[in-house]
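*Asks:* Test case, fold it:
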Amino acid sequence: MNVWKANGLKYILLFSLILCAVVSVVSLWSYSGSSASQSAAVRQGPSGGFGGGGGPGGGMRGLDSVNSADSKDQGTTGQTTDSSTEGTSTSGDQGTMAGTDTSASDSSGAARDGQHRGPGGMSGNGSGMGGPGGGGRSGNSSSAYATPLAVFAALFFGAFVFIMYRFRARDWKLGERNRGLMLWTVLGVGFFLRMAIAPWISGHMDLMLFRNWATTAADSLSGFYTNGSSDYPPFYIYILYVIGQIGSTDAFSPYMSVLLRLPNILADIVTVYMLYRLASKRVGYGISLGLAIFYVFNPAVFINSTFWGQVDSFFTLLIVGMIVLLVENRVGWSAVLFTVAVLMKPQGIIYGPVLFFELLRQRKIQPWLLSIGGAVVTTILVILPFSWGQEPLWLLDLYKGTVGEYPYASVNAYNFFALIGGNYTQDTTTLFLFSYHTWGMICIVLVTLFTWWMYIRSRKPQFAAAAALVLIAGVFTFASSMHERYLFPAAALAVLAYLYLRDRRFLWLAGGFSLTIFLNTFDIFYSSNSRDQYGIILCVTSLLNVLLFGYLVKVVWDCSQSTTIETAPSTDGVSPELPSARPAWGASSQGVNTTIDR
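*Replies:* Coordinates of the predicted model:
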């Protein structure tokens with residue numbers, strides 16, 4: 001009995017970790033063993049596949065196989081006519097199609113984020129996009145897992161609000177004995193839970209394009225852009241190349257859809273670990289573990305990497321690393337990660353002003369040289385293998401095509417333009433005096449200038465995370481051509497801003513942005529209605545994003561004041577108590593180096 005009292009928590013943690021690992025292995029084994037039945041289920045269509053009771057033993061309905069160069073959307077039927085076969089394609093993400101996908105690997109005309117160019121060229125998972133007057137949004141036609149996911153999200157955000165109201169730092173004191181095991185249990189459970197679910201989720205049609213690109217890259221990395229027609233920037237092609245090589249083997253070919261998700265599942269876990277390590281130095285162990293739990297089980301994070309299968313988690317990891325290195329005055333390496341982020345996704349340029357502001361603040365020539373040198377060398381190393389046989393400015397042409405690919409006020413982004421009815425409205429349409437595009441550019445300039453002003457007022461590099469948060473939230477909310485997932489890094493950046501500025505309101509912002517990110521992603525992923533629909537989720541989520549940005553402006557205005565003092569890092573690893581004056585969580589109980597908890 002004494003042994004149980006002394007080691008009971010350790011046994012529970014070990015049991016939880018082992019149980020999740022076993023469930024993950026069984027899930028992957030079952031998925032591989034049922035690949036034949038999955039193939040049959042896919043051929044049956046929605047009624048007999050994923051949408052008709054998918055999951056282990058229930059079959060899966062996969063992604064529609066699309067010849068990106070020649071397919072013609074058939075309204076909302078989810079069928080596509082492939083000119084190479086002159087038939088209706090119904091094959092999908094069967095898990096065994098790594099090397100036999102009927103989609104043309106040379107996906108000329110394939111658009112970024114799994115969507116075809118133009119208003120009539122988008123198709124989702126069994127819910128094709130017709131012309132402007134009809135057709136579905138690029139969502140998942142299956143709703144088999146929608147209800148459990150929605151229930152989990154409701155419980156998560158309910159628990160978040162309860163904890164934020166109920167607990168203070170004094171309630172977060174945890175024993176030091178099992179702290180390492182507790183952290184690895186959180187990370188392990190988060191990882192194994194994702195791996196157990198990933199095989200049984202058909203995902204978004206983006207996975208089809210990623211698989212085609214992985215196959216093309218594995219065939220010839222240097223000829224990826226010359227042999228095919230992808231407008232995705234070059235960095236992530238290296239990741240897809242590795243996946244293509246692994247997936248081409250007999251042992252791993254049944255797990256191609258899992259392999260495509262794996263880099264981003266791992267990025268989720270690494271981001272959590274980075275936030276925990278930083279938090280443990282600044283706010284103590286209890287809150288550090290709480291923040292790790294918040295991020296690893298965050299539905300907004302979960303749905304993106306595990307359900308949708310997109311790469312925003314990997315991109316966010318780069319941005320978080322860039323900010324951390326910038327605050328630690330490792331400007332050269334920060335510039336390297338920023339360059340990699342831009343070479344992975346064009347929207348990485350949104351975070352460029354943060355690096356620029358810090359270089360101006362330092363007023364030294366050496367950081368400029370390090371940043372420019374790091375950016376140039378990184379760019380050369382990344383693009384060189386793809387440059388043989390290309391025009392000298394091929395990369396610039398690639399970005400130009402990508403930027404101009406979605407000329408709409410909003411591309412399923414629930415923001416201000418969507419709130420006023422601008423979703424999939426041409427950005428050349430006049431709104432008051434100017435077009436949507438012009439208003440968006442004006443807002444980008446205003447948001448950037450405001451962020452610069454706040455950075456100057458703060459006079460400290462610790463403001464970098466808050467500045468990055470303002471930039472992405474402001475650009476997403478008020479710029480044109482935004483997609484539903486572009487706000488994804490806001491959740492991690494809000495946590496990072498809290499850790500550096502020690503203002504508890506950033507935790508509320510982290511929860512608020514997580515909610516809107518989840519609602520926006522969930523609605524698009526599972527929707528099968530017209531993209532022109534002006535529904536309640538769109539209205540509420542768009543309004544919340546506008547209100548959250550307004551609240552964020554107030555918070556950063558307060559935090560940029562010179563009276564806000566950086567809190568010294570915690571040295572004992574235990575969460576200190578909050579006095580009645582409510583300084584920021586983790587502030588020193590002796591009243592030294594504290595900040596105002598707003």
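*Asks:* Now do residue 155 against residue 297, distance only.
*Replies:* Note on residue 155: its distance to residue 297, by Cβ to Cβ, to the nearest Å, is 10 Å. Every C-beta, even on glycine, is put in place using the N, C-alpha and C of the backbone.
*Asks:* between the two, who's got more neighbours?
*Replies:* Neighbours were tallied for residue 155 and for residue 297 using other Cβ atoms under 10 Å; the higher tally belongs to residue 297 (17 against 11).
*Asks:* For the more buried one, report the pLDDT, please.
*Replies:* Note on residue 297: pLDDT of 95.
*Asks:* swap in residue 88?
*Replies:* Confidence at residue 88, expressed as pLDDT, is 37.
*Asks:* now do residue 526
*Replies:* So residue 526 comes in at 87 (pLDDT).
*Asks:* isn't it right up against residue 144?
*Replies:* No. Contact criterion Cβ atoms under 8 Å: residue 526 and residue 144 do not qualify, at 9.9 Å.
*Asks:* which SSE is residue 143 in?
*Replies:* Using DSSP states H and E, residue 143 is not contained in any helix or strand.
*Asks:* and the residue nearest to it when sequence neighbours are not counted, how many neighbours?
*Replies:* Residue nearest to residue 143 in three dimensions, not counting chain neighbours: residue 526, with 5.8 Å by Cβ to Cβ, 6 or more residues apart in numbering. Residue 526 has 23 neighbours, counted by other Cβ under 10 Å.
*Asks:* One more: residue 207?
*Replies:* Counted with other Cβ under 10 Å, residues neighbouring residue 207 total 24.
*Asks:* Doesn't it lie inside a helix?
*Replies:* Yes. Counting by DSSP: H, G, I helix; E, B strand; the rest coil, residue 207 is part of a helix.
*Asks:* right, and it touches residue 309 too?
*Replies:* Yes. If you go by Cβ under 8 Å, residue 207 and residue 309 touch, sitting 4.5 Å apart.
*Asks:* between the two, what contacts are shared?
*Replies:* 257, 260, 261 (Cβ atoms under 8 Å, 6 or more residues apart in numbering).
*Asks:* backbone phi and psi for the second one, please?
*Replies:* With angles defined as degrees, to the nearest 10, residue 260 shows backbone torsions of phi -70, psi -30.
*Asks:* need the contact list for it.
*Replies:* Applying Cβ under 8 Å, 6+ apart, the residues near residue 260 are 207, 210, 211, 214, 243, 309.
*Asks:* how about the helices in the stretch 251-400 of the chain?
*Replies:* 256-282, 285-296, 299-302, 312-327, 331-342, 352-362, 365-383, 394-403 (DSSP state H, counting those that start in this stretch).
*Asks:* closest to residue 218 out of those?
*Replies:* helix 256-282 (11.3 Å; Cβ to Cβ).
*Asks:* Okay, buried residues for that closest one please.
*Replies:* 256-276, 278-280, 282 (16 or more other Cβ atoms under 10 Å).
*Asks:* Quick one: residues contacting the closest residue to residue 203 other than its chain neighbours.
*Replies:* Among residues not flanking residue 203 along the chain, residue 309 sits closest, at 3.9 Å (Cβ to Cβ, 6+ apart). Residue 309 makes contacts with 201, 203, 204, 206, 207, 210, 257, 260, 261, 264, as judged by Cβ under 8 Å, 6+ apart.
*Asks:* 6 Å instead, please
*Replies:* Taking Cβ atoms under 6 Å, 6 or more residues apart in numbering, we find residue 309 in contact with 203, 204, 207, 261.
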